[in-house]
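**Student:** Next one to model:
(2 chains)
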Amino acid sequence: EVQLVESGGGLVQPGGSLRLSCVGSGLTLSDYWMTWVRQAAGKGLEWVASTNQDGNEKVYVDSVKGRFSISRDNDKNSLYLQMNSLRGEDTAVYYCTREALRSYGQIDNWGQGTQVTVSS
Amino acid sequence: EIVLTQSPGTLSLSPGETATLSCRASQSVGFYLAWYQQKPGQAPRLLIYDASYRATGIPARFSGSGSGTDFTLTISSLEPEDFALYYCHQRYNWPITFGQGTRLEIK
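**Tutor:** Presented below is the predicted three-dimensional model:
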């Protein structure tokens, strides 16, 4: 069974930083594009960032470019999201997700999510 | 950016009825569209991928259809556990996008 387990969320002041981690089990992370998706309370799903299998290709939503950085350590079967210069609008549950292994493969597995709250 | 527009925003039906949810893309996504179900406090769950293929373990009462810009999720003979939020999603083009969701509520 595929499991993605996020950690690292919490309460942080505006302008602060957090690093989210996601550890995979039941899959070889290095086979997949991996993606972070967030969801503010009562709102819809928003794509944040994605990275390809070896981490050389990274794509970000415009609102986080220059502030967030996605990375991975395939030896540890782990995905990360370094979040700097955090703003109130970054407050959300952050999900680690896996994209299916085929062309234009949609997200097929989700972690349980980790809450990030940006507030003074 | 490919905008996914879901309709209706809220759908009120009774158990045993059939639900028809729509997702319209602002430009073609081919067959590369997925549907998810989300319940309160839970992560989304994949129901349908590539427009019409049921994910592992998804009951046959869930079916998807469509291509290009118009897609439909049909849930026949609604069960009490089907009342939830539903989202569509495309990975055909960057940025990855999601629809705004359809809430399926008990009438």
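**Student:** residue contacts, A:Ala41?
**Tutor:** A:91-93 (C-beta atoms under 8 Å, 6 or more residues apart in numbering or on different chains). In this view, the C-beta of every residue, glycine as well, is placed from N, C-alpha and C.
**Student:** for B:Phe62, same thing?
**Tutor:** When contacts are counted by C-beta under 8 Å, 6+ apart, B:Phe62 touches B:35, B:47-48, B:54, B:73-75.
**Student:** and B:Ile106, how many residues sit next to it?
**Tutor:** When counting by other C-beta atoms under 10 Å in any protein chain shown, one arrives at 11 neighbours for B:Ile106.
**Student:** Report the beta-bridge partners for it.
**Tutor:** B:Leu13 (DSSP bridges).
**Student:** who in chain A is up against chain B?
**Tutor:** Counting by C-beta under 8 Å from any C-beta of the partner chain, chain A comes close to chain B at A:35, A:37, A:44-47, A:50, A:59, A:61-62, A:95, A:99-100, A:103-113.
**Student:** Quick check: residues of chain B near chain A?
**Tutor:** Going by C-beta under 8 Å from any C-beta, the residues of chain B near chain A are B:30, B:32-34, B:43-46, B:49-50, B:55, B:87, B:89-92, B:94-101.
**Student:** any chance of the contacts of A:Ala41 in TSV, plus pLDDT, secondary structure and neighbour count?
**Tutor:** Below are the contacts of A:Ala41 laid out as TSV (pLDDT from 0 to 100; DSSP: H, G, I helix; E, B strand; the rest coil; neighbours: other C-beta atoms under 10 Å in any protein chain shown):
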residue	pLDDT	secondary structure	neighbour count
A:Thr91	98	coil	17
A:Ala92	98	strand	22
A:Val93	98	strand	21
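**Student:** ok, the nearest residue to A:Lys76 once chain neighbours are set aside to chain B distance?
**Tutor:** Nearest residue to A:Lys76 in three dimensions, chain neighbours excluded: A:Val23, at 7.3 Å (C-beta to C-beta, 6 or more residues apart in numbering or on different chains). According to C-beta to the nearest C-beta, to the nearest Å, A:Val23 stands 16 Å off from chain B.
**Student:** Any idea how many residues pack against A:Val23?
**Tutor:** A:Val23 has 17 neighbours, counted by other C-beta under 10 Å.
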